[in-house]
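Chemist: here is a sequence with its predicted model. Questions after.
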Amino acid sequence: MPGGRLTQQERQQIALGVADGLAYAEIARRLDRPTSTITREVTRNGGPAGYRADLAQRSTERRTHRRRQAAPRAGQAPQLAHGRDPEAVREYEEMFTTFFMASGLPKISARVLVSLYTTDTGTLTASELVQRLEVSPASISKAISFLDNQGLVRRERDERRRERYIVDDDVFYQSTIASARASDQLAETARQGVNVLGPDTPAAVRLENIARFLDFITETIMRAAEQAREILYVKAEPPADTTAKPGSDRG
């Protein structure tokens with residue numbers, strides 16, 4: 001399987017495949033590339049409806065040029081915590097961002113969320129996000145508002161009264177519960193249509209089936225979320241000291 005960055009010719013083949021409606025997996029098979037590479041390439045360059053090989057190539061060249069300009073001088077390579085490889089971290093963050101974008105998140109919101117997930121503390125301020133992502137404060141504010149409305153981050157004030165944005169176990173739990181509740185509301189709305197359209201009509205039967213399906217899914221998700229919270233998020237307690245004290249086995 002070839003490594004390295006996509007070539008101009010490969011991008012042209014991707015564009016043709018997208019135009020023909022081929023699945024990303026099929027395009028990847030023809031190019032002998034991972035499916036994730038094709039998904040990331042198309043998502044970051046306009047999506048299926050807007051992907052163009054020439055624009056994607058120029059965009060990649062601009063990103064490469066910016067990275068070279070920003071690269072530290074020899075002997076001044078950035079040191080990341082825990083001995084992490086900066087290039088591997090950057091590639092992973094790009095892949096993670098592409099996943100969130102493919103799931104429907106706006107680009108800046110996806111980048112903010114990835115920054116929070118990949119930060120050891122799980123928390124950053126607006127100014128830290130501006131510096132990290134090199135975008136405007138207004139862009140960060142808009143992204144945080146979107147993520148907050150989706151229940152994907154929470155806000156706190158630190159000791160310096162700065163607003164901090166946080167992702168942790170409880171945020172993910174709350175987001176899952178919020179999604180389940182939205183499905184529950186959709187089920188209730190669908191069920192209301194049964195009486196409006198007539199209980200014995202095909203449309204009403206369809207709506208009732210939708211409601212029953214969502215009822216089952218919602219109940220399953222909420223039960224699983226509660227169980228996961230209790231089992232997975234319990235902090236491990238230190239093992240009990242079972243070392244016998246001298247003379248403890250004596251009568």
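Modeler: Nice, thanks for sending it over.
Chemist: for Ile177, give me its contacts.
Modeler: Contact partners of Ile177, counting by C-beta atoms under 8 Å, 6 or more residues apart in numbering, are 222, 225. (Each C-beta comes from the backbone N, C-alpha and C, glycine too.)
Chemist: shaky segments in the chain?
Modeler: Screening the chain residue by residue with the criterion pLDDT under 70, one finds the ranges 1-3, 63-80, 233-251.
Chemist: tell me where the stretch 151-251 of the chain has strands.
Modeler: 154-157, 163-166 (DSSP state E, counting those that start in this stretch).
Chemist: against which helices or strands is the first one packed?
Modeler: If I follow you right, that is strand 154-157. The contact analysis (3 or more C-beta pairs under 8 Å, 6 or more residues apart in numbering; DSSP states H and E) places strand 154-157 against helix 137-149, strand 163-166, helix 169-197.
Chemist: what's the closest of the strands of the stretch 151-251 of the chain to Met222?
Modeler: For Met222, the closest of the strands of the stretch 151-251 of the chain is strand 154-157, at 19.7 Å, according to C-beta to C-beta.
Chemist: check which residues of that closest one are buried.
Modeler: For strand 154-157, the buried set under the neighbour-count rule, 16 or more other C-beta atoms under 10 Å, comprises Arg154.
Chemist: need the contact partners of that strand.
Modeler: The contact list for strand 154-157, computed with C-beta under 8 Å, 6+ apart, reads 123, 144, 148, 163-167, 170-171, 174.
Chemist: hmm, back to that, got the helices and strands packed on strand 154-157 as TSV, with distance to Glu26 columns?
Modeler: As requested, these are exported to TSV (distance: least, C-beta to C-beta, whole Å):
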stretch	distance to Glu26
helix 137-149	33
strand 163-166	39
helix 169-197	31
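Chemist: ok, which of those comes nearest Gly104?
Modeler: Comparison of those against Gly104 by C-beta to C-beta identifies helix 137-149 as nearest, at 10.8 Å.
Chemist: so for the closest one, what gets flagged as buried?
Modeler: The neighbour-count criterion (16+ other C-beta under 10 Å) identifies 139-140, 142-144, 146-147 as the buried residues of helix 137-149.
Chemist: could I get the residues you listed as JSON lines with distance to Asp54?
Modeler: Rendered in JSON lines, the data for the buried residues of helix 137-149 read as follows (distance: C-beta to C-beta, whole Å):
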{"residue": "Ser139", "distance to Asp54": "27"}
{"residue": "Ile140", "distance to Asp54": "31"}
{"residue": "Lys142", "distance to Asp54": "30"}
{"residue": "Ala143", "distance to Asp54": "29"}
{"residue": "Ile144", "distance to Asp54": "35"}
{"residue": "Phe146", "distance to Asp54": "31"}
{"residue": "Leu147", "distance to Asp54": "33"}
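Chemist: okay, the spatially closest residue to Met95 that is not a sequence neighbour and Thr218: tell me how far apart.
Modeler: The shortest distance from Met95 to any residue that is not its chain neighbour, by C-beta to C-beta, 6 or more residues apart in numbering, is 6.1 Å, and that residue is Arg40. Taking C-beta to C-beta, to the nearest Å as the measure, Arg40 falls 32 Å from Thr218.
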